[in-house]
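Trainee: With the input below, show me the fold.
(4 chains)
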2 protein chains.
Amino acid sequence: MPFNQIILSMQARTISSERGKRGEDVLDRLRNMAIFYEFKPGEKLNEAELAESLGVSRTPVREALMALSYEGFLEASGRGYVRRRLDVKEMKDLYELRLAIEKECCRYAAQRATDEQIAELGEYLTRSRSVAPSTSVNELVELDEGFHARLAKMTGNAELERMMVMISRRIRFMRWISMDNTMRASTQDQHKALLEALRERDAEKMQSLMTAHISLRQDQIVEAVTKGLAKIFL
Amino acid sequence: MPFNQIILSMQARTISSERGKRGEDVLDRLRNMAIFYEFKPGEKLNEAELAESLGVSRTPVREALMALSYEGFLEASGRGYVRRRLDVKEMKDLYELRLAIEKECCRYAAQRATDEQIAELGEYLTRSRSVAPSTSVNELVELDEGFHARLAKMTGNAELERMMVMISRRIRFMRWISMDNTMRASTQDQHKALLEALRERDAEKMQSLMTAHISLRQDQIVEAVTKGLAKIFL
DNA sequence: GTATACTTAATTGGATGCAAAATAAAAGTG
DNA sequence: CACTTTTATTTTGCATCCAATTAAGTATAC
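Mentor: Numbers count the residues shown, from 1 in each chain, chains lettered A, B, ... in the order given. All right, here's what the predicted structure looks like:
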């Protein structure tokens, strides 16, 4: 399945004509395109062109581009925006930020999660582990994100949760690139271990598990970025 | 000095007419108004009115409002935006987020800061400590922020740095409210201690100092919020 | 053939226009 | 008088328009 079609298949084919929903739709579409480097790094984005292709005016496109630069996908390039390039430094920075957030999520989740939330997470993991081996990469990534999103929610901290959403989007491509079968299995094992520690409300243990879970070694990042760049430009 | 005038005095009186700079100016102005609750929580912001008062069209105002909601100052209220209310929960969440970021900043700063950066921070602190007792609250807050910004820069991590900028803005009002003379002295002492630990490249020590430095106890937050609310509504 | 001045086209920042929602105001009804 | 229902007004979402600046050609001199 060609790369572009995967992206396309994730998107609504038409932009809602419902008032107030159009801008949101445009943002979602452009965000997905940004996430998967449908915009090639370095290539300047043309507002009129994008508007035309989405069948809307420049206004919602302009707003979406601004939003995406706030979200960290685009950067201002003189006048106009450019997709930020995929490089090792950016990913390293991002994973360090993620580590900062997730470690604290562990702490507060261990101390504040309700028993119901923990039970739900258990069910979620069980469901996750039982998906068919043929499950698409998209779905696997979604399951992975879902686990961390739930953990963030357990903190009861809206700021931490919001941050996790942002970071998850930013690293989605990396997850997508490196989600093969070995990754899949180890991810699930690590999530299970985290859940166990959470059941024991052992924040320390969760944090060290999380650190191990997240900390990609330099060479792993390099490899993933390399694979990513190949995907983007071929 | 009345509250409003303090805010006004921080702002350029005119919006630059330079092309491309106007939007930025409008954002800065509105951000300052948001930071100091010139917009009362709950009161819906009127784009046309704001545009009128700033002498620009609705377009740059709309973009600024969107940006400010991304920055966490405003929230969408059906259609349109409202300044988020100042409450204990929000501040608690924010300080937890800040703690997460700053602890990791300590770690990476201890391990990556150049000797020059450390020396510069030393000079900065010396300058800070020698300011007149009459120094305005504004300046004191700026000095405090400057310290943490420098620490963030030392990580060499653009994402952590960016996050610190955002958080600093969000908590600026709280800093402003609680920056009295006792706060001033203890802040400087704690910064000095952090610098010492940084000189020794002792990340662990820095982290525990930072934790102590940041962790406002629940009642301190309650007090500051209470004072803040009084300031806002009187 | 290359560099430089000059002209034209492309593209963005911002202003304005317009119609759909939402809100407020007014009128009608039990 | 309270309570709908209807009408008028406000305000936003989005489209369009305009002007200023940058980028792209084009021509001319060296």
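
Trainee: Please tell me how far the closest residue to residue A:26 other than its chain neighbours sits from residue A:210.
Mentor: With Cβ to Cβ, 6 or more residues apart in numbering or on different chains as the criterion, residue A:26 has its nearest non-adjacent residue at 4.5 Å, and that residue is residue A:60. Quick note: C-beta positions are derived from backbone N, CA and C, even for glycine. Residue A:60 sits 38 Å away from residue A:210, taking Cβ to Cβ, to the nearest Å as the criterion.

Trainee: go on, residue A:225?
Mentor: For residue A:225 relative to residue A:210 (Cβ to Cβ), the value is 22 Å.

Trainee: Neighbour count: those two, which is higher?
Mentor: Higher neighbour count among residue A:225 and residue A:210: residue A:210, with 24 against 21, using other Cβ atoms under 10 Å in any protein chain shown.

Trainee: measure the more buried one to residue B:120 for me?
Mentor: 34 Å.

Trainee: so the nearest residue to residue A:64 once chain neighbours are set aside, which of the three states?
Mentor: Counting by Cβ to Cβ, 6+ apart, residue A:27 is the residue found nearest to residue A:64 once chain neighbours are left out, at 4.2 Å. The local conformation at residue A:27, judged by DSSP: H, G, I helix; E, B strand; the rest coil, is helix.

Trainee: quick one: contacts for residue A:27?
Mentor: By Cβ atoms under 8 Å, 6 or more residues apart in numbering or on different chains, the residues touching residue A:27 are A:60, A:63, A:64, A:67, A:68.

Trainee: Which stretches in chain A count as strands?
Mentor: For chain A, applying DSSP state E gives strands covering A:74-76, A:81-83.

Trainee: Of all the ones you listed, which one is nearest chain B?
Mentor: Closest of those to chain B is strand A:74-76, at 10.2 Å (criterion: Cβ to the nearest Cβ).

Trainee: Buried ones in that closest one, by neighbour count?
Mentor: Neighbour counts using 16 or more other Cβ atoms under 10 Å in any protein chain shown place residue A:74 of strand A:74-76 among the buried residues.

Trainee: and it, what other elements does it pack with?
Mentor: helix A:58-70, strand A:81-83 (3 or more Cβ pairs under 8 Å, 6 or more residues apart in numbering or on different chains; DSSP states H and E).

Trainee: Contact residues of chain A facing DNA strand D?
Mentor: Residues of chain A found near DNA strand D (Cβ under 7 Å from any atom of the strand) are A:19-23, A:51, A:56-60, A:78-79.

Trainee: Can you give me the buried ones in the top helix by length along chain A?
Mentor: Longest helix in chain A, counting residues (DSSP state H): helix A:88-112. Within helix A:88-112, the residues that qualify as buried are A:90-110, counting by 16+ other Cβ under 10 Å.

Trainee: what does stretch A:58-71 give?
Mentor: Quick answer for stretch A:58-71 (16+ other Cβ under 10 Å): A:60, A:61, A:62, A:63, A:64, A:65, A:66, A:67, A:68, A:69, A:70, A:71.

Trainee: Could you do stretch A:186-203 as well?
Mentor: Buried-residue list, stretch A:186-203, by 16+ other Cβ under 10 Å: A:187, A:188, A:190, A:191, A:192, A:193, A:194, A:195, A:197, A:198, A:203.

Trainee: Helices along chain A, start to end?
Mentor: Under DSSP H, chain A gives helices at A:3-9, A:22-35, A:47-54, A:58-70, A:88-112, A:115-129, A:137-154, A:158-178, A:181-199, A:203-214, A:218-233.

Trainee: Tell me the helices and strands packed up against the longest one.
Mentor: This means helix A:88-112. The helices and strands touching helix A:88-112, judged by 3+ Cβ pairs under 8 Å, 6+ apart, are helix A:137-154, helix A:158-178, helix A:181-199, helix A:203-214, helix A:218-233, helix B:88-112, helix B:158-178.

Trainee: Can you point out the buried residues in the fourth one?
Mentor: This points to helix A:203-214. Using 16+ other Cβ under 10 Å as the burial criterion, the residues of helix A:203-214 that qualify are A:203, A:205, A:206, A:207, A:209, A:210, A:213, A:214.

Trainee: can the buried residues of stretch A:186-203 go into a markdown table with extra columns for distance to chain B and pLDDT?
Mentor: Below are the buried residues of stretch A:186-203 laid out as a markdown table (distance: Cβ to the nearest Cβ, whole Å; pLDDT from 0 to 100):
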| residue | distance to chain B | pLDDT |
| --- | --- | --- |
| A:187 | 23 | 88 |
| A:188 | 26 | 89 |
| A:190 | 21 | 92 |
| A:191 | 21 | 94 |
| A:192 | 25 | 94 |
| A:193 | 22 | 95 |
| A:194 | 17 | 96 |
| A:195 | 21 | 97 |
| A:197 | 19 | 96 |
| A:198 | 18 | 97 |
| A:203 | 13 | 96 |
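
Trainee: Using CSV, lay out the residues you listed together with distance to residue A:37.
Mentor: Formatted as CSV, these follow (distance: Cβ to Cβ, whole Å):
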residue, distance to residue A:37
A:187, 23
A:188, 27
A:190, 27
A:191, 27
A:192, 32
A:193, 33
A:194, 30
A:195, 33
A:197, 36
A:198, 35
A:203, 37
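
Trainee: Let me know the closest of those to residue A:133.
Mentor: residue A:188 (12.3 Å; Cβ to Cβ).

Trainee: give me every residue that touches the closest one.
Mentor: Residue A:188 sits in contact with A:125, A:128, A:129, where contact means Cβ under 8 Å, 6+ apart.

Trainee: Which single one of those is nearest to residue A:233?
Mentor: residue A:128 (32.4 Å).

Trainee: Test my guess that that closest one contacts residue A:150.
Mentor: No: between residue A:128 and residue A:150 there is no contact under Cβ atoms under 8 Å: 11.0 Å.

Trainee: the more surrounded of these two?
Mentor: Just comparing residue A:128 and residue A:150: by other Cβ under 10 Å the higher neighbour count belongs to residue A:128, 21 against 18.

Trainee: backbone phi and psi for residue A:57, please?
Mentor: When read as degrees, to the nearest 10, the backbone of residue A:57 gives phi -90, psi 180.
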